[in-house]
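Enquirer: show me how the following folds:
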Amino acid sequence: MREQLLEILNENCPGINFEQESALIDDGIIDSLDIVAIVSEIMNEFNIEISVDDLKPENFNTVDNILNLIRNRQL
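Expert: Numbering: from 1, shown residues only. As a prediction, the model looks like this:
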């Protein structure tokens, strides 16, 4: 699952070391347009629904946070 997510992130935002970053949103490394593209691909890839309520910075600041969101939506 982690590798699939990293592939999505790197396709949408090349040149970012996602494994090293701890504040992707808070530090402005990715923006709202990036999030829209990433969320769309995550929903397709993992067959989940991500709601507007899920679109909080804390859910997208790190790879681990995004993975937790995916896992929670798969339940």
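Enquirer: name the residues that touch the helix ranked longest in the chain?
Expert: Counting residues, the longest helix found in the chain (DSSP state H) is helix 32-46. Under the contact criterion Cβ atoms under 8 Å, 6 or more residues apart in numbering, helix 32-46 has outside partners 1, 4-5, 8-9, 11-13, 25, 30, 48-50, 55, 60, 66, 70, 73-74. C-beta here means a position set from N, CA and C on the backbone, and glycine is covered the same way.
Enquirer: got the CA coordinates for the very next helix or strand once past it in PDB?
Expert: Next helix or strand after helix 32-46 toward the C-terminus (DSSP states H and E): helix 57-60. Presented in PDB, the C-alpha positions along helix 57-60 are these (Å, rounded to 0.1, in the frame of the first residue of the first chain):
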ATOM      1  CA  PRO A  57      -4.000  19.300   6.800                       C
ATOM      2  CA  GLU A  58      -3.300  16.800   9.500                       C
ATOM      3  CA  ASN A  59      -4.500  14.000   7.100                       C
ATOM      4  CA  PHE A  60      -2.100  15.000   4.400                       C
END
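Enquirer: please work out the average pLDDT along helix 57-60.
Expert: For helix 57-60, the mean per-residue pLDDT is 95.
Enquirer: helices or strands next to it in the packing?
Expert: On a contact count with 3 or more Cβ pairs under 8 Å, 6 or more residues apart in numbering; DSSP states H and E, helix 57-60 meets helix 63-74.
Enquirer: can you pull the buried residues of the helix it packs on?
Expert: Neighbour-count burial for helix 63-74 flags 63, 65-66, 69-70, 73 (criterion: 16 or more other Cβ atoms under 10 Å).
Enquirer: which other helices and strands contact it?
Expert: When contacts are defined as 3+ Cβ pairs under 8 Å, 6+ apart, helix 63-74 packs onto helix 2-12, helix 32-46, helix 57-60.
Enquirer: mind putting the buried residues of helix 63-74 in CSV, pLDDT included?
Expert: Shown next, in CSV, are these (pLDDT from 0 to 100):
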residue, pLDDT
Val63, 97
Asn65, 97
Ile66, 98
Leu69, 98
Ile70, 98
Arg73, 96
